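Enquirer: Here is the input, now give the coordinates:
(chains A and B)
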Amino acid sequence: MSELLILSITIPLGMALLIAILPRKMPEWAAKALALIGFALPALFSIRVFLAYFKEGDGGFLYQRVVPTGLDQSLGIALRIGVNGISVVLMLLAAIVGLAAGWAAIVSKAERKRTYLVLLLIMVSGLLGIFSTYDIFYLYFFHEVALIPSFIMIAIWGGPNRRPAAMEMTIYLTLGAMVSLAGLIGIYVGSGLGSFDLISLSEHLASNPIATTLGQSLFGILLFGLGILVSLFPFHSWAPRGYTAAPTSVAMLHAGVLKKFGLYTLIQVGLPLLGSAAFRWTDTLTVLALGNIIIIGLITMAQRDLKQMISYASVMHMGYIFLGIATVSMLGAGGAVFLMLAHGLSVAALFHLATAVQHRCRTFNLDEMGGLGKEAPVLCGLFMTAMLASVGLPGFANFWGEFTVFASIWQWKPLILVLALTGIVISAIYGLRAVSRTFFGQPTEAFREIRTRHLVSDIGWAERIPAVILLIALLVFGLIPHWAGNPVEKAVAGIWQKQSDLNITGQRLDVRDAGSLIAPDEANESAPQP
Amino acid sequence: MVSNANILILFLLPLCSAGLIALLLGKSGRIAAGVSIASAAACLIVALRMLSHWDMETVHRTVTWYSMGDLKVTLGFLLNPTAAVLLFVVTFVGFFIHLFAVEYSEHDDARGRFFGGMSIFMFSMTGIVLSSNLIMMFVFWELVGFSSYLLIGHYRERESAANAANKAFIVNRIGDFGFLIGIIAIWAKFGTTDLLALEAMVSADPSKLQTMIGLLLFCGVLGKSAQMPLHVWLPDAMEGPTPVSALIHAATMVAAGVFLMCRVFFLFSADALEWIMWVGVVTAIYSGICAITQKDIKKILAYSTLSQLGYMVAAFAIGTAAAHAGHEYGVGASLFHLTTHAFFKALLFLAAGSIIHATHHEQNIFRMGGLISRMPWTSVCFSLGLLALVGCPGFSGFWSKEGILSLAWEHERPVFYALLAGVGITALYMARLWVTVFLGNPKTEAVGHAKENSWVMVLPLVVLAIYSVFAGWFTPLFPNSTLPILVDSIPHAPESMKVWLPILSFGTMVVGLVLGGLIYKSGGEKDNLETGLPFLYRFIQSKLWFDEIYLFYVQRIQQPIARLLSHIDLLVISGVGMRGIAGGGAGLMGQVLRLLTTGNVHHYVYWFAVGILACVAVVAGLS
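Expert: Below is the predicted model:
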């Protein structure tokens, strides 16, 4: 299986290389075919790995393979390949969204398509890398591999305002990445182990935890660095503008998968290694996450631009995931991972379908649409389904993620749940409003004029496929949540088992049956109020 | 004989039908209708077979669905008397409404989508009825909301239909907000949401009961059963096709809230029940009065539905409180009224649909008139449904209303008088409707040329009319096991009132009917109340300004706040704030880089690489 993991990273990279060195005279379909292979094979491999892990995984890292890099001795860096219950789920997400976004790019009308595909393949390779390594250095490295092409693609193939948007995004995200790198390096240095190996780090830190103050500062650094990457309120302003300007496939991959890097690192690295240092930050994180849900939620309601609305909505949903993390509980972390999977699939579908809407209405402006459902009933059905999935309709994966997070919040602080739940009403309002403005009612003046000049047709098969892939995945995990829940549950249970042995504040922390790391009262004692 | 195969068929057949229609038959309305009806018929047969062989023992089967730490959700099936009654009602009424819809939707371009939505509804409704735990019930609860959204907004090109669909979904979400908190609170407190396990725990230790939990669960009922103050969506929901109004917004889905309460009656404390009872009573009276000034035939019936749901909610609260206090009643009266109401209200809506179909979509009652000679079958069926609704002695509605009234008489005297007044109001608005629609002269040409519809549309009316008349006492109409459940658990009038109570309610009804008949007998195009007492008329028509207040909140408060926040976000957070912060302290680097890169990403990337290298160098030095 570890070969499949390595191949998943290298095949897109290899295809990118092939397309790049292909003589210019070669027809474009050859480049497209190569790209399709580069997107499709990793998806197949990921499904294979996922199924294997589902059968035999115990939550811990399996299919391990260490590829030496020459830095093992000096710095403790090696390409350590392997997946655990959390990363195998997210790797599947990366591969599925990669295939959907890749397909969308192949059939898109982008200029200089070869270069576009090359960059996109590199991005996909980086994304798959993030979730198939357990070496912290490479985790970060793969993130950069995926991030840099996204900047370039936005700046070149983006929509209106792409330059300032790309600029703003670049500055924010690089700042975030730098800060989180500092945090990761801090863990590396603070542990004194001299290795970036996540497994040995967690074993080592279980017996020799990082000093409380240092641990708390490191978690804080990680939290804010990664928070910027995940558009934590109020560091979110890059996201709506960036995604609005980004070409569709990039928005799909960035909002769907790359953004999850920050959350993934918090759950996979921050919580297990720094343990109860996280409690120092839960209050802050809770307030900011509620900002994501309520303030950004209200802002989303005021949006007039469909793509910008979806971007804001995706920022809003990060609030739930952050809240799951803020509970520092098994249930919260598990729900967060489930929601990451679901959100990635649904937001990618929405970005893709919003572009399909734009192709027909020639605008993203909701005030200039209306009545598209008559010409494009299938598009209407797909878009409505994706929107309802993203607002948490049961039957789709998002519901289970949100529900689990809600349950974890109630065990922790009921009042916070009451505040957070206003989000389900807010999201229903903007979601349904977007659907009805776009597809229902009579066409607006502007759209009526467009219709006289252009033929407005329903969504074709080529455009349909990415949406269908994503929606099927959402339905499968929504109807059979056990498939994604089981590996994640085992993995977080494993982490919390180790956590129970942590002994940071001098007193032994009990794992309560409820799944919370320590009782809320104790948490308040051990966490000095900010 | 409740085999697993039967259960699976009940769950999966409508789902497969919906899936098939969505995937393949969207364009072919005829086949879609066939598939949908076949699945509804098969479900009815399976349900009837299952119920007639059922030995009244509770059947409970579960498998694991989802698990994350302590949160264990099962996929389960729980058949008990309450569920059996509803299963029969849903599959039976559902099938006949499907049958009715075949001809009704004949000229509909989107017939496939319509029947797809109906199948999704049947699937979700069966799910609610048979769910064995609250989380699973919530899943289906939201799914019926979804199918309701789809079907209310069926006529997509109508702006009003789209708005009504959104309103229904959002108002229901507001109710579900509380419902969801309630479910999670129950799970956190009891460690499970399985209905049987919860009942066992509560009966073992009644002190575990919290008023808050009951009220939170009731929030869901407020939304789904459209009780005050979340009732505003139901009248608007009449934008949907009439069979949808009959099935979803009269007979079954809106009753799901009452069913939910009956299913988990043990979770409501006495204090919670007090609140619930008054909400029900107020809704019953308020909506009855609102119905008096409506002109759209479907909206009159919708307000009537609201009012009857209020009766059920009040009856549930009184009965359960009585049961808590050691009396024998329980939820019987509420459930029985739910059942009879499902038959006669579905009938009234279908008959209204038959009229609307025959008059080319005329819905204003003041433009109808004289239909009794033109559509005899429909008129007779409608009249029978009407008599059942107003509680004419002998009709099904009489028995169920008498159960509620006796309950109220014995335990809550003020409620009794309020509900008795409600009987008079019901009679008044129904008399107004009947006189205006069926007597007098037709006001438009389309109404004048109206003809009776074909037997496919009439047959469901006749069947439902039979049930509306006889369902109160004629046992053979029900599968073996269900009617005893109903009949045995209905409260009867106490000895002292045995004679007086029926006389009192009959008298009130007659007064209402006569009053309505006298006011509206002239049958003009104008509402006589409007010309006679314009002030009163306009006051009633305002419906206490609920819609206006909500609209004011949305347009003048919520939306401006959202826009204001959006501007702040644009200007302050991203414009001044974040760049300002980026200017100082830790962000200095970002600022410097920005100066260095002005507009060119490539330069930036080099600087970026240098930065990484520098960091790595620092690390190397440190280690």
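Enquirer: for A:Gly82, helix, strand, or coil?
Expert: The three-state label given to A:Gly82 by DSSP: H, G, I helix; E, B strand; the rest coil is strand.
Enquirer: doesn't A:Leu62 make contact with it?
Expert: Yes. Using Cβ atoms under 8 Å, A:Gly82 is in contact with A:Leu62, at 6.4 Å. Where C-beta positions appear, they are placed from N, C-alpha and C, glycine not excepted.
Enquirer: Mind checking which of those two has more residues around it?
Expert: Taking neighbours as other Cβ atoms under 10 Å in any protein chain shown, A:Gly82 and A:Leu62 compare with A:Gly82 leading, 22 against 19.
Enquirer: which residues touch that one?
Expert: Listed by Cβ atoms under 8 Å, 6 or more residues apart in numbering or on different chains, the contact set of A:Gly82 reads A:2, A:5, A:61-65, A:132-134.
Enquirer: ditto for B:Leu215
Expert: B:Leu215 neighbours (Cβ under 8 Å, 6+ apart): B:178, B:182, B:272, B:275.
Enquirer: Point out the other helices and strands that the single longest helix found in chain B packs with.
Expert: Ranked by residue count, the top helix of chain B under DSSP state H comes out as helix B:159-190. Contact here means 3 or more Cβ pairs under 8 Å, 6 or more residues apart in numbering or on different chains; DSSP states H and E; on that basis helix B:159-190 packs against helix A:397-412, helix A:414-439, helix B:134-152, helix B:195-204, helix B:211-224, helix B:233-236.
Enquirer: ok, and which of the ones you listed has the densest surroundings?
Expert: helix A:397-412 (a mean of 28; mean count of other Cβ atoms under 10 Å in any protein chain shown).
Enquirer: I figured A:Leu205 was touching A:Gly192, is that so?
Expert: No. In this structure, A:Leu205 is not within contact of A:Gly192 by Cβ under 8 Å, at 9.8 Å.
Enquirer: These two - which one has more neighbours?
Expert: Set A:Leu205 next to A:Gly192 and count neighbours by other Cβ under 10 Å: A:Leu205 wins out with 22 against 11.
Enquirer: Disregarding flanking residues, what is the spatial nearest neighbour of that one?
Expert: Distances taken as Cβ to Cβ, 6 or more residues apart in numbering or on different chains put A:Leu273 closest to A:Leu205, at 5.4 Å, once the chain neighbours are dropped.
Enquirer: list the contacts for the one you found?
Expert: By Cβ under 8 Å, 6+ apart, the neighbours of A:Leu273 are A:187, A:191, A:198, A:201-202, A:205, A:210.
Enquirer: Distance check, B:Leu99 against B:Glu452.
Expert: For B:Leu99, the distance to B:Glu452 equals 17 Å [Cβ to Cβ, to the nearest Å].
Enquirer: Among those two, which residue is more densely surrounded?
Expert: Ranked by neighbour count (other Cβ under 10 Å), B:Leu99 and B:Glu452 place B:Leu99 first, with 21 against 16.
Enquirer: give me the low-pLDDT residue ranges for the stretch 401-530 of chain A?
Expert: A:498-530 (pLDDT under 70).
Enquirer: mind redoing it with 90?
Expert: A:410-414, A:441-463, A:492-530 (pLDDT under 90).
Enquirer: in the chain, which spans are strands?
Expert: Since no chain was named, I'll use chain A. Assigned by DSSP state E, the strands in chain A fall at A:62-67, A:79-83.
Enquirer: not what I meant, chain B
Expert: Under DSSP E, chain B gives strands at B:59-68, B:71-79.
Enquirer: Next one: the residue lying closest to A:Gly335 once chain neighbours are set aside relative to A:Phe54, how far apart?
Expert: Once flanking residues are discounted, A:Gly335 sits nearest to A:Thr404: 2.9 Å by Cβ to Cβ, 6+ apart. According to Cβ to Cβ, A:Thr404 stands 19 Å off from A:Phe54.
Enquirer: With B:Cys219 instead?
Expert: 38 Å.
Enquirer: burial measure for the residue in the stretch 101-250 of chain A positioned nearest to chain B, as a count.
Expert: When scored by Cβ to the nearest Cβ, the stretch 101-250 of chain A has A:Ser237 as its residue closest to chain B, at 3.0 Å. A:Ser237: 23 surrounding residues under other Cβ under 10 Å.
Enquirer: Many thanks, have a good one.
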